[in-house]
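A.B. asks: Let me see the structure of the following:
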Amino acid sequence: MESKVSTRLKQALAPEVIRHIFLPRLNREFHANFEMLNQINLAHLLMLRDQGILDEGAATRLAAALLRMQADGPDAVELDPAREEAYFNYEAHLMKLAGPELGGRLHTARSRNDIGATIDRIRARDYALRIVRALIEVAESALVQAGRYVDCVMPGYTHMQAAQPITYGYYLSALTEAWSRDLDRILHALETADASPLGACALAGTSFPIDRAATSSMLGFSQPLANSLDGVASRDFALELSAALSIMMITCSRMVQDFYIWSTPEFGYLSFPDSIASTSSIMPQKKNPAVLEYLRGKAGHLIGLTTAAFATVKSTHFTHSGDSSRESTRTCWEACEEALKSLELMKLLVERVEPNRKRMAARAAEDFSTVTDLADLLVRKADASFRDAHHVIGAVVRNALDQGVPAKDITAEMIRAAAVQELGREIQLQPEDIEACLDPVRNVAARLSQGGPAPSLVLRHIGDLSVLLEKRRKTIAATAKRLGDASELLQQRVQALAAAETGAPAVQGA
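C.D. replies: Alright, predicted model coming up:
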C-alpha cells in the first residue's frame with residue numbers, strides 16, 4: 001500500500017506515526033484553520049485567474065466548488081489522518097467536488113509551507129486583536145475603580161513592609177500604566193505578524209508570474225514579506241505574541257498576589273463577593289479565594305507554554321520544518337486561549353473586589369508608613385541634613401515600638417528626646433506640623449511630585465490613561481475594519497466569479 005498523498009513514498013504511514021503525530025495534529029488544526037484556509041484558497045484562486053495562470057473557465061468552476069466547501073463547513077469533510085494533515089484532507093474533498101484534475105490545479109505556485117505560515121499569521125493577528133480588546137476592558141475597569149477610590153488611603157509596601165501611604169486608586173492606576181505597556185507589546189506583535197508569506201511557496205518562490213501583493217491585500221495584510229525563505233522559516237511573530245502575553249500575565253499575577261494577602265483577615269483590606277469564591281468540603285467557615293489561585297496557576301501555565309515554544313525553535317535550522325513551524329506555534333494558540341480566559345477573570349476581580357476604607361486608613365495611621373514625612377519636616381523646619389533626620393526619626397520609631405505607641409500618637413517631646421540622643425541638640429517642632437505629617441490623608445495629598453499619589457495628580461493621570469486607551473481602541477478598530485473590508489471584498493469577488501459559471505446573481509455582502 002502506497003502513501004495517499006505522494007507516489008514518491010511507496011509505503012503507507014505507520015500506524016504509530018498516524019496515531020501520535022498526524023491524527024492529533026489533524027484533530028487540533030482542521031476545524032480551527034478551516035475558514036482561514038478557505039480565505040487563502042479564495043485569494044489564491046483570484047490571483048491565479050487575474051495573472052492568467054488559470055483560465056477563466058477553470059477559475060469559475062473552482063470558485064463554485066470552494067464556496068460550496070465554505071458553506072458546507074468543516075464537518076462535511078471526511079478526515080483521514082493517512083493524508084497527513086489539514087491541507088491534503090481539504091484538497092481531497094475539493095477534488096471530489098470539482099474533479100481530480102481541476103481540483104489539483106489550485107495548488108499551482110504555492111506550497112503547504114507558505115499556506116501554513118499564512119494561516120499562522122492570520123491566526124496570530126486575530127488572537128492579538130481579541131486579546132488587546134479584552135485587556136483594554138480590564139484597564140478601563142481598573143480606571144473606573146481608580147477614580148472611585150482615588151482618596152481611599154492605604155499603606156504602600158516595599159519588601160512587604162509598610163513604606164509610605166498611597167491610595168487604592170493610585171495602586172490601580174499604576175497597574176493600568178503597566179497594562180498600557182502590555183497593550184503596546186501585543187500591538188507590536190500584531191504589527192510583526194502583519195505581512196503575508198503567501199507566494200513564498202516551499203522557500204524559494206516560484207517561476208510562475210504570481211502577484212504576491214494582490215493576495216496580501218485580499219487577505220488584509222499590509223504587505224507581502226520581502227524574503228520567501230524568511231516567510232516560511234520565521235515564527236518570531238508567534239514567539240513575540242506569546243512572550244508579550246507572559247509579561248502581561250506576570251503583571252496580572254502580581255496584582256492577584258496582592259489581592260490574595262490583602263483579602264486575608266490578618267490584613268482585612270479587601271473583600272470579594274461569594275460569587276467568585278469557593279468553600280471547603282469539611283470546614284464550614286471557609287471562603288476560599290479560588291479565582292485568585294487559579295489565575296496565579298494560569299500565569300505559570302502560560303509562562304510554561306512560552307518557554308516550550310522558545311525551547312522548540314532554538315536549535316532548528318532557519319527554514320521550514322515540523323518542529324520550527326508546527327510544534328512551536330501550537331503552544332502560542334493555547335497561550336492565547338489561556339490569556340483570554342484570564343483577562344475575563346481579571347476584569348471580574350477588578351470590578352467586584354471592594355476595599356475596606358476604614359481598615360486601610362487605620363493601618364496607614366498606625367503602622368509608621370507616614371514617618372518619612374517627619375524626617376522631611378526636620379529638613380524643612382530644623383535645618384537638619386536628611387541623614388541626621390533619618391537617624392532621629394528612626395530612633396523615634398524604635399522607642400515608639402518599644403513603648404507600644406502607634407505612629408499617629410508620636411509627639412513633639414518624643415522627637416525632641418530622640419534629637420538630643422542622636423544629634424546632641426534639641427529640636428522643637430509644632431504639634432500641628434507633626435499631626436499633618438502623621439495624618440495619612442494629608443500625607444498623601446502633599447505628595448504632588450510627578451507620578452505621586454496625591455488624588456489631584458491621580459485623577460489627572462486617570463484622564464491621560466483614558467485618552468491613551470481610547471487611542472488604542474481606535475487603532476484596533478481601524479485594523480479590524482481593514483481586515484473585515486478585505487474579507488468582504490474577497491467574498492464578493494469570488495461569488496461574482498462563481499456566478500459567471502452558473503449564471504446566477506452574485507450574493508452581495510456575504
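
A.B. asks: Would you map the strands across the stretch 351-500 of the chain?
C.D. replies: 354-355 (DSSP state E, counting those that start in this stretch).

A.B. asks: for it, what are the low-confidence residue spans?
C.D. replies: Across the stretch 351-500 of the chain, nothing is flagged by pLDDT under 70.

A.B. asks: The chain now?
C.D. replies: 1, 501-510.

A.B. asks: which stretches of it form strands?
C.D. replies: If DSSP state E is used as the criterion, the strands of the chain fall at 153-158, 161-167, 270-271, 354-355.

A.B. asks: Can you add distance to Leu468 and mean neighbour count and give those back as CSV?
C.D. replies: Where C-beta positions appear, they are placed from N, C-alpha and C, glycine not excepted. Output for the strands of the chain, formatted as CSV (distance: least, CB to CB, whole Å; neighbours: other CB atoms under 10 Å):
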stretch, distance to Leu468, mean neighbour count
strand 153-158, 24, 21
strand 161-167, 21, 21
strand 270-271, 27, 18
strand 354-355, 25, 17
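
A.B. asks: Could you save these as a markdown table and add columns showing distance to Ala64?
C.D. replies: Output for those, formatted as a markdown table (distance: least, CB to CB, whole Å):
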| stretch | distance to Ala64 |
| --- | --- |
| strand 153-158 | 66 |
| strand 161-167 | 64 |
| strand 270-271 | 61 |
| strand 354-355 | 60 |
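
A.B. asks: between the ones you listed, which one is nearest to Ala446?
C.D. replies: strand 161-167 (10.1 Å; CB to CB).

A.B. asks: Summarise which helices and strands the closest one is packed against.
C.D. replies: strand 153-158, helix 357-366, helix 440-445 (3 or more CB pairs under 8 Å, 6 or more residues apart in numbering; DSSP states H and E).

A.B. asks: Compute the inter-axis angle for it and helix 357-366.
C.D. replies: Interaxial angle, strand 161-167 versus helix 357-366 (axes from the mean of the first three to the mean of the last three CA atoms, to 10 degrees): 130 degrees.

A.B. asks: What lies in contact with strand 161-167?
C.D. replies: For strand 161-167, contacts defined as CB atoms under 8 Å, 6 or more residues apart in numbering pick out 149-157, 363-364, 367-370, 372, 440, 443-444, 447, 453, 455, 458.

A.B. asks: same deal with stretch 415-428?
C.D. replies: With contact meaning CB under 8 Å, 6+ apart, stretch 415-428 is reached by 374, 378, 382, 384, 388, 391-393, 395-396, 399, 412, 429, 434.

A.B. asks: likewise stretch 176-193?
C.D. replies: Outside stretch 176-193, the residues within contact range by CB under 8 Å, 6+ apart are 121, 124-125, 128-129, 131-132, 135-136, 138-139, 142-143, 146, 236-238, 240-241, 244-245, 247-248, 251, 461, 465, 468-469, 472, 475-476, 479.

A.B. asks: In PyMOL, how would I select just the buried ones from the residues you listed?
C.D. replies: Buried residues among the contacts of stretch 176-193 (16 or more other CB atoms under 10 Å), as a PyMOL selection:
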select buried, resi 121+124+125+128+129+131+132+135+136+138+139+142+143+146+237+238+240+241+244+245+247+248+251+461+465+468+469+472+476+479
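
A.B. asks: ok, now how distant is the closest residue to Leu172 other than its chain neighbours from Pro455?
C.D. replies: Nearest non-adjacent residue to Leu172, counting by CB to CB, 6 or more residues apart in numbering: Ala146, 4.0 Å away. Ala146 sits 10 Å away from Pro455, going by CB to CB, to the nearest Å.

A.B. asks: residues shared between the contacts of the two?
C.D. replies: In contact with both Ala146 and Pro455: Gly169, using CB under 8 Å, 6+ apart.

A.B. asks: care to break this structure down by domain?
C.D. replies: Per automatic domain parsing, the domain ranges recorded for the chain read 15-108, 113-148+165-358+457-486, 371-438.

A.B. asks: Can you check which helix is longest in this structure?
C.D. replies: The longest helix of the chain (DSSP state H) is helix 455-502.

A.B. asks: tell me the contacts of the residue nearest to Val371 when sequence neighbours are not counted?
C.D. replies: Among residues not flanking Val371 along the chain, Ile393 sits closest, at 5.4 Å (CB to CB, 6+ apart). Residues counted as contacts of Ile393 (CB under 8 Å, 6+ apart) are 371-372, 374-375, 378, 415, 418.
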